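Asks: I would like to see how this sequence folds:
(one chain, ligands or ions: 1)
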Amino acid sequence: MTRANEPGWLVVLEGIDGAGKSTVIRRMLAYLAEAGRECVTSFEPTRGPWGMKLRQSMIEGRLSLEEELELFLKDRAEHVENLILPALRQGKVVILDRYYISTAAYQGARGVSPEWVLMTNEQFAPKPDLVLLLDFDPAGGLDRIRARGDAPNTFEQLEQLREVRRIFLSLDRPFIRTIDASQEPEAVWNACKVELERLFPGGTLAAGKSAL
Ligand code: TYD
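Replies: Numbering: from 1, shown residues only. This is a model prediction of the structure:
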């Protein structure tokens, strides 16, 4: 069976803030580079015009659900066109910090149907090969955000986050793997590594090296 993103791979980290996505991405980059795989990493919202508008709204006050949805879709369409698809076509492993699964969960928590969000995005955005959903109790997540000296933004109020988590866990897509992110960072990484290794033919990442 051919993979949808061949010759590249699309790996996405998802979960509420404070679950440790950036740490896993750092470890993943080092691990894949060691195995001889070329990687590109990126994030959403991007720093493009639509993404910056969204980031501004996190500080200044949220937009309406309709405006938010429209901006996330525009931001993603640009991201797909300018970065994601070109890198996949070059056979790279694209690692994203958030993707349309976040839209299903966060904007879903504001009232739009999560399944509608998934289907709408899947009309233009390539489906991931793997989504690592770092699952974590939001009460703990907020503590971690505060511990690193950041104030939780307006997207991240506790009740809202509980709903976001519930939706993340309810999403029905075969490429989503839930990882218990309340474990020690080493255990979280090991669980992610197991899923990552399954993606590659023969189960060995080192194949990237011999193919060069
Ligand atoms: P975040 O990953 O926290 O950005 P950064 O760490 O660079 O500041 O994302 C910002 C917020 O955007 C986060 O609270 C989740 C929210 N978000 C959505 O509501 N919908 C989406 O589709 C995406 C990608 C993010």
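
Asks: Output the lowest mean pLDDT helix or strand found in this structure.
Replies: Taking mean pLDDT, DSSP states H and E as the measure, the helix or strand of the chain with the lowest value is helix 207-210, at a mean of 58.

Asks: Please list all residues in contact with Gly51.
Replies: With Cβ atoms under 8 Å, 6 or more residues apart in numbering as the criterion, the residues that contact Gly51 are Glu44, Pro45, Leu71, Asp75. Every residue, glycine included, has its C-beta placed from N, CA and C.

Asks: Spell out which residues belonging to this protein are near the ligand, please.
Replies: Listed as neighbours of the ligand in the chain under the rule Cβ under 6 Å from any ligand atom: 17, 43-45, 72, 97-98, 102-103, 106-107, 155-156.

Asks: Helices - which of those residues land there?
Replies: When those are checked against helices using DSSP state H, the ones located there are Phe72, Ser102.

Asks: And stretch 101-115, how far out from the chain middle?
Replies: Its chain's C-alpha centre and that of stretch 101-115 lie 14 Å apart, by Cα atoms, centre = their mean, to the nearest Å.

Asks: can you tell me the average pLDDT over that stretch?
Replies: Summarised as a single mean, pLDDT over stretch 101-115 is 97.

Asks: which outside residues touch it?
Replies: Residues outside stretch 101-115 that contact it (Cβ under 8 Å, 6+ apart): 12, 14, 44, 65, 68-69, 72-73, 76, 117-118, 121, 128, 131, 133, 155, 160, 163-165, 167-168, 170-173, 176.

Asks: does Asp150 sit in a helix or strand, and which one?
Replies: Under DSSP states H and E, no helix or strand contains Asp150.

Asks: How many residues are close by it?
Replies: When counting by other Cβ atoms under 10 Å, one arrives at 12 neighbours for Asp150.

Asks: swap in the one 10 residues further on?
Replies: Other residues within reach of Gln160 by the criterion other Cβ under 10 Å amount to 16.

Asks: pLDDT at it, what is it?
Replies: For Gln160, the predicted pLDDT is 88.

Asks: All set, thanks.
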